[in-house]
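1. Here is a sequence together with a model predicted from it:
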Amino acid sequence: MMNEEVISQLEAMRRQECGPYACCDYLSQQRFDPTECEFGTPTTPQSATWSNKKSQQSTPLRPVSRRKMIEWCYQIVDICGFDHESVDIAVSYLDRFLMTKSGMPALHDRKTYQLVAMTCLYVAIKLFEPEVIDPSIVSHLSRGAYTEEDVTDMEM
C-alpha cells in the first residue's frame, strides 16, 4: 500500500511540473517590448507602471545580474543569521514572478529587477523566518534606491 501512495504522489508531482509549476528559461526568451506578454498580447502590469515611473533607461536583464542578486541575498541572510533556505524560496518566487505578465517589465529594467528580487527575499523572510525584517530595512539595504513604499507596493 505504501508503494502505491508514493507512486501516486510522484505522478501528481510530475503532472504539476508540466503544468502550473513548470519553469522556463525567461532570460533567453526575453522580448524587446516589456509590455508584450508571452503570447504577444499587450499588457500593462503594475510593475510596468512602477518601472516606467522610476527608471528612464531600459537595460535588459542578463544572467550575471541574477547571479549577483542571489549572491547579495545570501550575504544578507548570513549577516542576519537567517536560513539559506529563505534565499532558495525567494529565488523560486523571483523566477516564477518573472515568468508572468506582471514580471515582464523587470526583465527589461535592472532597477525594477533589483526591487523585485529584494522584495522576494523580504517576503520569504517574512513567511519562513522566526523574526521578520521591516520594509525600512530593505530600503536601507538598497542604499536609498527604494523606499519602504516601493517595497510594500511591489509586494502587492
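-> That came in fine, so what should we check first?
2. Please make it C-alpha for all contacts and neighbour counts, starting now.
-> OK.
3. Which residues are in contact with residue 69?
-> Counting by C-alpha atoms under 8 Å, 6 or more residues apart in numbering, residue 69 makes contact with 114, 117.
4. for it, helix, strand, or coil?
-> helix (DSSP: H, G, I helix; E, B strand; the rest coil).
5. okay, it: pLDDT?
-> According to the prediction, residue 69 has pLDDT 92.
6. Kindly report the same for residue 113.
-> In this model, residue 113 carries a pLDDT of 92.
7. just residue 72 next, same as before
-> 94.
8. From residue 117, how far out is it?
-> 10 Å (C-alpha to C-alpha, to the nearest Å).
9. Could you do residue 81 as well?
-> With C-alpha to C-alpha as the criterion, residue 81 and residue 117 are 19 Å apart.
10. picking that back up, who's more crowded, residue 72 and residue 117?
-> Taking neighbours as other C-alpha atoms under 10 Å, residue 72 and residue 117 compare with residue 117 leading, 25 against 15.
11. Does that one touch residue 94 like I think?
-> Yes. Counting by C-alpha atoms under 8 Å, residue 94 is a contact partner of residue 117 at 6.0 Å.
12. Return, as residue ranges, the portions of this protein with sub-threshold pLDDT.
-> 1, 19-59 (pLDDT under 70).
13. Identify the residues contacting the residue nearest in space to the middle of the chain.
-> Central residue of the chain (C-alpha atoms, centre = their mean): residue 94, 1.8 Å from the mean position. Applying C-alpha under 8 Å, 6+ apart to residue 94 gives the contacts 116, 117, 120.
14. Good, we can wrap up now.
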